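Q: Sharing a model that was predicted from the sequence below.
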Amino acid sequence: MDAGHLIQTAGKIPVISHALRWYAGRYTEDSVVKIKHGCAAGSAWRRHHRYVNGYWIGHYELPLQEALTRELKPGQRFFDVGANAGCFTLVAARRVGSSGRCVAFDPSPDNAASIREQLEANALDHCRVVEEAISEVSGTALFSFATPGSPTGHLGTPNYREQRIEVKVTTLDLACARFGKPDLIKMDIEGGEINAFKSAGRTLSETRPGWLIELHGAECEREVKRALQTADYEFFDLRGGALNGRDLLPGHFIARPAPR
């Protein structure tokens, strides 16, 4: 077991987890370090207390990092939809190299600022940030979040005590027309996946990228699976093992276009 997996495993033990969070939380806000482990190890990371320490330690969602690295190839184009602080954008940027392209989408001003900082810290000129959400229509929409600086949020009516701002919104089909056809799309948009797929007809039928998706609830699983099955996609787990399309999909899964 490498150091990244060891830290991830140790972090599940309550006493060790508490000690690790206490130690990691002592860093100076806005300081820059090298990512220690994982698929972006050695890359620079500008730290902010609003984000999880796993980003800069490098053990955050290691199975996702590894799946992303395996699914991408040098020179390819990658869309990070719901890019948060930019962790997976950095992983993808390293994998596709300077001959590839990465486009990170996130409507949160704080998240977009963090992604820009990570790209600048690593001189990643082949990557760009799009401060927009992906949904069913283009225009503007309400984006709701718990507190200022919260790393996560969602489109639509705010829940109890949530705050909201107006953000720009686009569709997957329009994003492909603007930024080029992606080879792989990673999507994690807190339940917004259903609406995102409603305006992805050309993306599914013509562009036919691979997908790495996080699902949020039973309805999301049902509707996303239906859209992908209709477009003749096959499903795999994060290790690349084939999944039975008749079964429930796991919380994270990969979809690849079936050979034609």
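A: Okay, I see it. Computed from a prediction, not measured in an experiment: that's the story for all the values here.
Q: switch to C-alpha atoms for all contacts and neighbour counts from now on
A: OK.
Q: which residues are in contact with stretch 181-201?
A: By Cα atoms under 8 Å, 6 or more residues apart in numbering, the list of residues contacting stretch 181-201 from outside reads 71-72, 76-83, 134-137, 153-155, 171-173, 176, 207-217, 220, 223-224, 227.
Q: Those, buried ones only, as a PyMOL selection?
A: Restricted to buried positions by 16 or more other Cα atoms under 10 Å, the PyMOL selection for the contacts of stretch 181-201 reads:
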select buried, resi 71+72+76+77+78+79+80+81+82+83+134+135+136+137+153+154+155+171+172+173+176+207+208+209+210+211+212+213+214+215+216+220+223+224+227
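Q: Sort out for me which of the contacts of stretch 181-201 are in strands.
A: Members of the contacts of stretch 181-201 lying in strands (criterion: DSSP state E): 77-81, 134, 153-155, 210-214.
Q: Mind jotting down where the helices sit in the stretch 151-260 of the chain?
A: Chain-ordered helices for the stretch 151-260 of the chain, with DSSP state H, counting those that start in this stretch as the definition, fall at 172-179, 193-198, 201-202, 218-230.
Q: Kindly compare burial across the ones you listed and name the winner.
A: The highest average neighbour count among those, using mean count of other Cα atoms under 10 Å, belongs to helix 193-198 at a mean of 20.
Q: Work out the gap between that one and the centre of the chain.
A: Relative to the centre of its chain, helix 193-198 is centred 15 Å away, using Cα atoms, centre = their mean, to the nearest Å.
Q: and what of stretch 164-172?
A: Centroid separation for stretch 164-172 versus its chain: 17 Å, with Cα atoms, centre = their mean.
Q: buried residues in that stretch?
A: Within stretch 164-172, the residues scored as buried using 16+ other Cα under 10 Å are 164, 167-172.
Q: And stretch 43-54, by the same measure?
A: Neighbour counts over stretch 43-54 (16+ other Cα under 10 Å) mark 43-48, 51-54 as buried.
Q: Sketch out the low-pLDDT regions of the stretch 151-260 of the chain for me.
A: For the stretch 151-260 of the chain, applying pLDDT under 70 flags the ranges 151.
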